[in-house]
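**Q** Just need the structure, nothing else, for what follows:
(one chain, ligands or ions: 2)
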Amino acid sequence: MAEPRDPNQAQRDMMENMRRMMSQFGTRPDPQAERVREQEEEKQRQKRKEVLSFDLKPKDVKKYLDRYVIKQEDAKRVLATAVCDHYNHVKRQREKGKSRHYVKQNVLMLGKTGVGKTFLIRSLSELIGVPFIKADATKFSETGYVGGDVDDLVRDLVHKADGDMELAECGMIYIDEIDKIAAPSNVQGRDVSGSGVQRGLLKIMEETEVPLRNPQDIQSQIQSLVEFQQKGKTTRPMINTRNILFIVSGAFEGLAAITEKRVKSLEIGFSSSAPKHIPKEDLFRASKTEDFIQFGFEPEFIGRLPVRVICDPLSAQDLYTILTVSEGSILRQYEESFRAYGIEIQFNDDALWEIAKRASNEGTGARGLVTICEKIFRDLKYELPSSRLKSFRLTREMVASPKKGMEELLQEEREEKIREIELEITEFEKIFSDKNGIAIEFDPKGRRAIQEHVLEESVQVKPFLENLLSNYPHGLELIRKKEPRHKYVLNQDVVKDPNHFLEEWIKNTYETGPIKQR
Ligand SMILES: Nc1ncnc2c1ncn2[C@@H]1O[C@H](COP(=O)(O)OP(=O)(O)OP(=O)(O)O)[C@@H](O)[C@H]1O
Ligand SMILES: [Mg+2]
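**A** Ligands and ions are numbered 1, 2, ... in the order given. Okay, here's the model as predicted:
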């Protein structure tokens, strides 16, 4: 008989086994995983090489932006130049080492909603092939945990670069709604969180080292532990922000008024002539650093944003051009989603003008185009894929009243389908007559009943009728023996219940004479 086992010994054995399993798990390399990792690394190396062999000229960059972004000529020129400067510097620095004199070309963009600020930066990052992160400045002030959140932006870049730290270190960080963290000095009880966030950003905008692993994050802690187990030590990888380009943007409501006031007071002070009127759209361009400080930015913060870019409002004409010319036009998206169902869409020029005008009235820049198009296409996208429509043309009337437009479109499609069904019924009658030597014909109500069934159930006419009349060759033969006719007419009752109708017909023919035929 086996000895009863000592429970403590059993536990010790189990622990030892687990330790052995864990150590195997940790050290034995999996060749498959190893290969995948090598391929990934090669891909990253290639990408890095591309980015770091940057050799575009500002005009090349502007030309690329022109394909997507309409208007905003100044913005495109200034951004193209700043970006070329920055990435040439990154390249030079990697070849020759750090330069002391370089001032980073961080960008401040001003412009109303939907005029292309994010779109510009996204297009730029795609061209250059660097990772790109977008965040809202308001997110930081809400949490109150300033330092951590701002650092997370830098860590997100590493995620975007699939873990490639070198690539992440020359990425772009775009922070929107930057005007929301202004802390106006003329407001009583200064908005501390606003200036706190500005200070948090200052650090990473210039140069700092951000730990790749967030000390607050459990997952990062586990990673460190695993590393310690495998290698006997932990590393603390750091991301340097020196070469990360920062772009911040906002609508800056109220800045124009500050600038206007300053300009007016200057002119009153220095000349006797009446203050010159500056058109509203030029006020942003006339804004100076002191206006931004008055608006609520710390001098050190605004000082680290040397490149100022103004995006102008978009007119109805601009919106029309965006629809028709921009490679990023939302129309491409609709074309694609209809094409997925085999439907081609075409646009009347007056329909596009109507969309542009309506979008312009929304007052949300090019975002208005999305709102208007979504209204127009909502029902069409739902209904048309199930119709047999293979193409349609968007008209001005459809833009003005999408529901009515769609009903007319579907009605047209229905009428065409009905014409086709009519032809197929006639063809079936002929085939039936030829094959069985008995002529049949559906009366108008019978035809309508077939149409309705075919349309509602989406069935094919021929198989449906073959099945419907499967007993008729034989049944009609019986009837013909007693009541020979040139042609037998079938009505809607045949469509409803073919066999019951046929039985009654035969019964009547043999008992009381034929049922009434036309
Ligand atoms: N100038 C433009 N040329 C072409 N398309 C544009 C332009 N401006 C905006 N768009 C289109 O409108 C969409 C929204 O624009 P975007 O996100 O760039 O606005 P924004 O200026 O960043 O606004 P917000 O201040 O609300 O963030 C873009 O994705 C793009 O499709
Ligand atoms: Mg934006």
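
**Q** Quick check: Lys76 is in a helix.
**A** Yes. Judged by DSSP: H, G, I helix; E, B strand; the rest coil, Lys76 forms part of a helix.

**Q** from what I can see it touches Ile70, true?
**A** No. If you go by CB atoms under 8 Å, Lys76 and Ile70 don't touch, sitting 10.0 Å apart. All C-beta atoms are positioned from the backbone trio N, CA, C, and that covers glycine.

**Q** which residue ranges form the helices in the stretch 251-400 of the chain?
**A** Applying DSSP state H, counting those that start in this stretch to the stretch 251-400 of the chain gives helices spanning 255-270, 280-286, 289-295, 299-303, 316-324, 330-339, 349-362, 367-383, 396-400.

**Q** got the buried residues for the longest one?
**A** It stands for helix 367-383. Gly368, Leu369, Ile372, Cys373, Ile376, Phe377, Leu380 (16 or more other CB atoms under 10 Å).

**Q** Kindly report the same for the last one.
**A** Along helix 396-400, these residues count as buried under the neighbour rule (16+ other CB under 10 Å): Met398, Val399.

**Q** One more: the second one?
**A** Burial within helix 280-286, assessed by neighbour count using 16+ other CB under 10 Å, is assigned to Leu283, Phe284.

**Q** Any idea how far that helix is from the middle of the chain?
**A** 32 Å (CA atoms, centre = their mean, to the nearest Å).

**Q** mind starting the numbering at 52 from now?
**A** Okay, residue one is now 52; in that scheme the one you just asked about reads as helix 331-337.

**Q** how about the helices of the stretch 302-451 of the chain in TSV, adding mean pLDDT and distance to ligand 2?
**A** As requested, the helices of the stretch 302-451 of the chain are exported to TSV (pLDDT from 0 to 100; distance: least, CB to the ion, whole Å):
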stretch	mean pLDDT	distance to ligand 2
helix 306-321	81	17
helix 331-337	82	16
helix 340-346	92	19
helix 350-354	91	20
helix 367-375	97	15
helix 381-390	95	16
helix 400-413	97	16
helix 418-434	94	9
helix 447-451	95	26
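
**Q** how about the nearest residue to Arg429 once chain neighbours are set aside, what does it touch?
**A** If the residues on either side of it in the chain are set aside, Arg429 comes closest to Pro453, at 7.4 Å by CB to CB, 6 or more residues apart in numbering. Neighbouring residues of Pro453 by CB atoms under 8 Å, 6 or more residues apart in numbering: Lys426, Ile427, Phe428, Arg429, Asp430, Leu431.

**Q** mind checking how far the residue of the chain found nearest ligand 1 is from Val358?
**A** Nearest residue of the chain to ligand 1, counting by CB to the nearest ligand atom: Gly167, 2.8 Å away. Distance from Gly167 to Val358, counting by CB to CB, to the nearest Å: 17 Å.

**Q** More neighbours: which of the two?
**A** Neighbour totals were compared for Gly167 and Val358, and Gly167 leads with 28 against 19 (other CB atoms under 10 Å).

**Q** so that one touches Gln123, yeah?
**A** Yes. Between Gly167 and Gln123 there is a contact under CB under 8 Å: 5.6 Å.

**Q** can I assume Asn550 sits in a strand?
**A** No. Asn550: not assigned to a strand; according to three-state DSSP it is helix.

**Q** Let me see the contact set for the closest residue to it other than its chain neighbours.
**A** Nearest non-adjacent residue to Asn550, counting by CB to CB, 6+ apart: Asn522, 6.0 Å away. Contact analysis of Asn522 by CB under 8 Å, 6+ apart lists Pro549, Asn550, Leu553.

**Q** mind running it again at 10 Å?
**A** Pro549, Asn550, Leu553, Glu554 (CB atoms under 10 Å, 6 or more residues apart in numbering).

**Q** Just the buried ones from those residues?
**A** Counted by 16+ other CB under 10 Å, the contacts of Asn522 give Pro549, Leu553 as buried.

**Q** need the contacts of Asn522 in CSV with distance to Ala186, can you?
**A** Listed next are the contacts of Asn522 as CSV, based on distance: CB to CB, whole Å:
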residue, distance to Ala186
Pro549, 68
Asn550, 70
Leu553, 74
Glu554, 76
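
**Q** The contacts of Asn522: which ones sit near ligand 1?
**A** On the criterion CB under 6 Å from any ligand atom, none of the entries of those sits beside ligand 1.

**Q** Which of the contacts of Asn522 lies at the shortest distance from ligand 2?
**A** Pro549 (64.2 Å; CB to the ion).

**Q** What is the neighbour count of the nearest residue to the closest one once chain neighbours are set aside?
**A** Once flanking residues are discounted, Pro549 sits nearest to Leu519: 5.1 Å by CB to CB, 6+ apart. Leu519 has 17 neighbours, counted by other CB under 10 Å.

**Q** Quick check, the residue of the chain closest to ligand 1 in contact with Ser377.
**A** Yes. Counting by CB atoms under 10 Å, Gly167 does reach Ser377; the two are 9.4 Å apart.

**Q** which neighbours do the two share?
**A** In contact with both Gly167 and Ser377: Tyr119, Val120, Ile121, Ala417, using CB under 10 Å, 6+ apart.

**Q** what would those look like in CSV with pLDDT?
**A** Formatted as CSV, the shared contacts of Gly167 and Ser377 follow (pLDDT from 0 to 100):
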residue, pLDDT
Tyr119, 96
Val120, 96
Ile121, 96
Ala417, 96
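
**Q** List the buried residues of stretch 504-513.
**A** Here stretch 504-513 shows His504, Val505, Val512 as buried, counting by 16+ other CB under 10 Å.

**Q** residues making contact with that stretch?
**A** 437, 439, 465, 468-469, 471-476, 478-479, 482, 501-502, 515-519, 546-547.

**Q** Write the PyMOL selection for whichever of the residues you listed are buried.
**A** Applying 16+ other CB under 10 Å to the contacts of stretch 504-513, the buried members can be selected in PyMOL as follows:
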select buried, resi 468+469+472+475+476+479+501+502+515+516+519+546
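
**Q** Contact residues of the stretch 152-301 of the chain facing ligand 2?
**A** Contact residues, the stretch 152-301 of the chain versus ligand 2 (CB under 5 Å from the ion): Lys168, Thr169, Asp227.

**Q** Let's see if you can find the most crowded of those residues.
**A** Lys168 (26 neighbours).

**Q** pretty sure that one is in contact with Ala126, am I right?
**A** Yes. Using CB under 10 Å, Lys168 is in contact with Ala126, at 8.2 Å.

**Q** Spit out the residues that contact the two alike.
**A** Between them, Lys168 and Ala126 share the contacting residues Val120, Met160, Leu161, Gly162, Val360, Cys362, judged by CB under 10 Å, 6+ apart.
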